[in-house]
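Asks: Show me how the following folds:
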Amino acid sequence: MTNTKIADEVQERLAVITEADILVGIPSYNNAGTIGHVVRAVQAGLAKYFPGKKSVLINSDGGSTDGTVEAVHRASIEDFHSIFVTHNKRDFFKISIPYHGIPGKGSAFRTIFEIARRLNVRACAVVDSDLRSITPEWIDLLLRPVIELNYDYVAPYYLRHKYDGTITNSLIYPVTRALYGKRIRQPIGGDFAFSGDLASFFLEKDVWDTDVAKYGIDIWMTTTAVANHFRVCQSFLGAKIHDAKDPATDLSGMLYQVIGSTFDLMEIYHDVWKNIKGSEPVPTFGFRYAVGLEPVIVNYEKMIEKFRLGAKELSTIWKTFMPDDLHDFIHNELSRVPVRSFNIPDDVWAAIVYYFALACHGKKINREHLLKSLTPLYIGRVASFVIDTWNSSAAEVEEKIENLCISFENKKELLVKNWEGKTDSKGEQPK
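Replies: Below is the predicted model:
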């Protein structure tokens, strides 16, 4: 594995540090408004919960122009007595470094993994730079399972508004749970911890010039850890409040990268997932409690308009790999039904996603065209979910997501048979 490019002045600082116990990475790009709070929370968490450990904070920045790096350098806690800790400043180091390679979060992580390996750290964590709800306790909850209980990978488990994280709730969590049999609730949550050994394992993988280097890093890390039988768990962190986006906007590129990475991983780990049936919980740490959440405003009428426009323009693509009854339901019935009655049932949505995975596996359609044609269907499914849960409580929404996951698990045999060629591309027995 070729080392990433690290500036001479950073190399000199690493040589002075020599080794460390803990590394916390914060990838960033134009996050000046929030990253100072994240840095202070990390520093306070390390001081309060790991005072005897030698710790390094690495900001891996993608060329911010809004003062993000300067905000990292300015951020500090002057009065540690105010948070009731004793702190040895000689055991805490803070470095901001530009990353190189394909622009994206994965390239930022690669730099963090490289420094973790150079410093021979025992435990690493990465947290998003746009977090407004992070507290010092997050650092304890993420790192302690690695340091004291020898887990290799700690995924986040937090409460989010019912319309935040729709890619996770409607697509990535159900798919990864059904494939790999582990109920990791936030497989692309953004805030993780992992052992130094797993960081080195990640670094050796030949993915850094692929889509993983953009948006696909989170699902790649989670799947790689699970599929290679590392010890995994999750920690309850409370609320995740960050710079959320309307599910109807700004998602096509991210959806393309994340689902593309998910499908690529299916190719790599087919021998792992093909025989897994059902799912099981993973150990969960932290005290679960109710939290207040910021609302996420959605416009389901606009979303249904986008779905119907997509159905007109992309129907011919879908028809090449979907069974006729499924295609007719999407193209005809959903195009006529009144907005308030618009509904894509769980089992139908599971079938749609699996047929897309099979079409990608079959390589009969241009991959980019295929994956991007999923966007209006995804928007339609989210609109259906919004209509169905408009008056639902958080607990009721979680129950509906659980039912969706069960539908994906029940439909998995369709995927397995098609993948192995026991049926034709539309799920029908060969004649």
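Asks: So what's the gap between stretch 8-16 and the chain middle?
Replies: Averaged C-alpha coordinates place stretch 8-16 at 31 Å from its chain's average position (CA atoms, centre = their mean, to the nearest Å).
Asks: And it, what's buried?
Replies: 10, 13-14 (16 or more other CB atoms under 10 Å). Using the backbone N, CA and C atoms, a C-beta is placed for each residue, glycine as well.
Asks: can I see the domain layout of this structure?
Replies: 8-285, 300-419 (automatic domain parsing).
Asks: And the average pLDDT for the first one is what?
Replies: Think domain 8-285. The predicted model assigns domain 8-285 a mean pLDDT of 89.
Asks: and what of the shortest one?
Replies: On average, the pLDDT along domain 300-419 is 95.
Asks: that older thread, for Gly101, state which of the buried residues of stretch 8-16 is nearest.
Replies: Using CB to CB, Val10 is the member of the buried residues of stretch 8-16 that lies nearest Gly101, at 15.9 Å.
Asks: Identify the bridge partners of the nearest residue in space to the closest one that is not next to it in sequence.
Replies: For Val10, ignoring the flanking residues on the chain, the nearest one in space by CB to CB, 6 or more residues apart in numbering is Ile97 at 5.1 Å. When bridges are called by DSSP bridges, Ile97 pairs up with Ser60.
Asks: residues in contact with Ile97?
Replies: Shown in contact with Ile97 (CB atoms under 8 Å, 6 or more residues apart in numbering): 6-7, 10, 58-61, 111, 115.
Asks: With distance to Gly189 as extra columns, can I get those residues in TSV?
Replies: Output for the contacts of Ile97, formatted as TSV (distance: CB to CB, whole Å):
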residue	distance to Gly189
Ile6	28
Ala7	30
Val10	28
Ile58	20
Asn59	20
Ser60	18
Asp61	21
Thr111	20
Ile115	22
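Asks: Of those residues, which is the most crowded?
Replies: When neighbours are taken as other CB atoms under 10 Å, the top entry among those is Asn59 (30 neighbours).
Asks: Is it correct that that one is in contact with Ala71?
Replies: No. Between Asn59 and Ala71 there is no contact under CB atoms under 8 Å: 9.3 Å.
Asks: which neighbours do those two share?
Replies: Residues touching both Asn59 and Ala71 comprise 35, 39, with contact defined as CB under 8 Å, 6+ apart.
Asks: show me where the stretch 151-300 of the chain has helices.
Replies: Across the stretch 151-300 of the chain, reading from the start of the chain, the helices by DSSP state H, counting those that start in this stretch fall at 166-167, 173-180, 196-203, 217-227, 252-268, 270-273, 300-319.
Asks: so which of those comes closest to Tyr354?
Replies: Of all those, it is helix 173-180 that lies closest to Tyr354, at 8.6 Å by CB to CB.
Asks: about what we covered before: please identify which of the buried residues of stretch 8-16 is nearest to Val337.
Replies: Looking at the buried residues of stretch 8-16 and their distance to Val337, the nearest is Val10, at 57.9 Å (CB to CB).
Asks: other SSEs contacting the host helix or strand of that closest one?
Replies: Following DSSP states H and E, one finds Val10 within helix 8-17. Helix 8-17 is packed against strand 92-98, with contacts defined by 3 or more CB pairs under 8 Å, 6 or more residues apart in numbering; DSSP states H and E.
Asks: Closest to the mean position in this protein, which residue would that be?
Replies: Taking CA atoms, centre = their mean as the criterion, Ile188 is the residue nearest the geometric centre of the chain, at 1.2 Å.
Asks: ok, that residue - contacts?
Replies: Residues touching Ile188, when contacts are defined by CB under 8 Å, 6+ apart, comprise 167-168, 172, 218-219, 222, 258.
Asks: Would you quantify the distance from the nearest residue to it once chain neighbours are set aside to Asn332?
Replies: If you skip the residues right next to it in sequence, Ile188 has Asp218 as its closest partner in space, 3.9 Å away by CB to CB, 6+ apart. Counting by CB to CB, to the nearest Å, the separation of Asp218 from Asn332 is 37 Å.
Asks: just to revisit the earlier point, measure how buried the residue nearest to Ile188 is and give me the count.
Replies: Asp218 is surrounded by 26 other residues when neighbours are defined as other CB under 10 Å.
Asks: Isn't it up against Asp191?
Replies: No. The pair formed by Asp218 and Asp191 falls short of the contact definition of CB under 8 Å, at 9.5 Å.
Asks: all strands in this protein, in order from the N-terminus.
Replies: Along the chain, the stretches classed as strands by DSSP state E are 22-28, 55-61, 92-98, 123-126, 153-159, 182-183, 192-195, 232-239, 280-281, 284-285.
Asks: where do the helices sit along the stretch 1-150 of the chain?
Replies: With DSSP H, counting those that start in this stretch as the definition, the stretch 1-150 of the chain shows helices at residue ranges 8-17, 32-49, 68-74, 105-118, 136-149.
Asks: so which of these comes closest to Gly310?
Replies: Between the helices of the stretch 1-150 of the chain, helix 105-118 lies closest to Gly310; by CB to CB that is 27.2 Å.
Asks: how many degrees apart are the closest one and strand 55-61 in direction?
Replies: Taking axes from the mean of the first three to the mean of the last three CA atoms, to 10 degrees, one finds helix 105-118 and strand 55-61 inclined to each other by 150 degrees.
Asks: For helix 105-118, name the packing helices and strands.
Replies: Looks like helix 105-118 contacts strand 22-28, strand 55-61, strand 92-98, strand 123-126, helix 196-203, helix 217-227 (3+ CB pairs under 8 Å, 6+ apart).
Asks: give me every residue that touches Ala108.
Replies: By CB under 8 Å, 6+ apart, Ala108 lies in contact with 25, 27-28, 60-62, 99.
Asks: out of those, what pair is the most spread apart?
Replies: Gly25 and Gly62 (12.9 Å).
Asks: neighbour-wise, which of those two wins?
Replies: More crowded of Gly25 and Gly62, by other CB under 10 Å: Gly25, with 24 against 19.
Asks: Could you double-check that that one sits in contact with Arg110?
Replies: No. With contacts counted by CB under 8 Å, Gly25 stays clear of Arg110, the gap being 10.4 Å.
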